[in-house]
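> When you get a sec, could you give me coordinates for this:
(chains A and B)
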Amino acid sequence: DAGITQSPRHKVTETGTPVTLRCHQTENHRYMYWYRQDPGHGLRLIHYSYGVKDTDKGEVSDGYSVSRSKTEDFLLTLESATSSQTSVYFCAIYSTGELFFGEGSRLTVL
Amino acid sequence: DQQVKQNSPSLSVQEGRISILNCDYTNSMFDYFLWYKKYPAEGPTFLISISSIKDKNEDGRFTVFLNKSAKHLSLHIVPSQPGDSAVYFCAAGVYNFNKFYFGSGTKLNVKP
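Predicted structure coming up:
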């Protein structure tokens, strides 16, 4: 257990509304990631962070923004949710040669 | 375009036999590779990794082979067990940057 907590675990929202997913870690890891999992696409990197206020885009960053104002929290924001952003979102941290994942946040955009 | 590809969406094997899962990558800069296992409604869990300085790495029933010239890696599970039934993802990245890309996954079904 790498001390990763994602919230909320489930959320249903409407198109056009803003949504923020939170990833919290308790072990001071430098690298944090947001992935989304979709059938046929596997896990796709949205954004990642290599330190406080240091972030970089992944493969599918359009429509998403992130913030990391402190080491333990990495926030993923959908400014205006669309149905194509319905997915399961996983946060991960990097430590000693591997990624550790959270349990996922299932987001449904109606 | 995906940089890491798993071209077999599913694989079915008999208990006790070998399972071979394949993965291809396109970016020649990738030098670190990982395999993950995922059960429904859970986060992926780490299985095994390999650095590009090696061509094989073993951990119990799991062995990963890397063919750098072909940009191909494979995961061998011997012997396969019903509890191995899950979705398997390969991932690749440049070790110093710690930015990892995943394939689309292969769903393994091990029949008793």
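> The residue nearest the centre of chain A: what's it in contact with?
Residue closest to the average C-alpha location in chain A (C-alpha atoms, centre = their mean): A:Trp34, at 3.2 Å. For A:Trp34, the contacting residues are A:21, A:23, A:45-48, A:58, A:64, A:66, A:74, A:76, A:89-92, by C-beta atoms under 8 Å, 6 or more residues apart in numbering or on different chains. Bear in mind the C-beta positions are built from the backbone N, C-alpha and C, glycine included.
> For the one helix or strand it maps to, the averaged confidence score.
Element membership for A:Trp34, per DSSP states H and E: strand A:32-38. Strand A:32-38 comes out with an average pLDDT of 96.
> Show me which residues of chain B sit near chain A.
Contact residues, chain B versus chain A (C-beta under 8 Å from any C-beta of the partner chain): B:2, B:6, B:9, B:32, B:34, B:36, B:41-46, B:49, B:89, B:91, B:98-105.
> Low-confidence stretches in the chain?
You didn't say which chain, so I picked chain A. Residues of chain A that meet the criterion pLDDT under 70 lie in A:1-2.
> wrong one, I was asking about chain B
Residue ranges of chain B with pLDDT under 70: B:1.
> Of all the strand elements in it, which one is longest?
The residue-count maximum for a strand in chain B (DSSP state E) belongs to strand B:86-94.
> which residue sits closest to residue 54 in space, ignoring its chain neighbours?
No chain in the question, so chain A it is. Nearest non-adjacent residue to A:Asp54, counting by C-beta to C-beta, 6 or more residues apart in numbering or on different chains: A:Arg68, 7.3 Å away.
> you looked at the wrong chain, it should be chain B
B:Leu66 (6.7 Å).
> hmm, back to that, give the pairing partners of the strand holding A:Trp34; include direction for each.
Strands flanking strand A:32-38 in the sheet, each with its direction: strand A:42-51 (antiparallel), strand A:87-95 (antiparallel) (DSSP bridges).
> before we move on, back to that, could I have the buried ones of the residues of chain B next to chain A as PyMOL selection syntax?
The buried residues among these can be selected in PyMOL (16 or more other C-beta atoms under 10 Å in any protein chain shown) with this line:
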select buried, chain B and resi 2+6+32+34+36+43+44+49+89+91+98+99+100+101+102+103+104+105
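> Torsion angles phi and psi at the most far-flung residue of chain A relative to its centre?
Within chain A, A:Thr96 marks the point farthest from the mean C-alpha position, 20.6 Å out by C-alpha atoms, centre = their mean. Main-chain dihedrals, A:Thr96, degrees, to the nearest 10: phi 40, psi 50.
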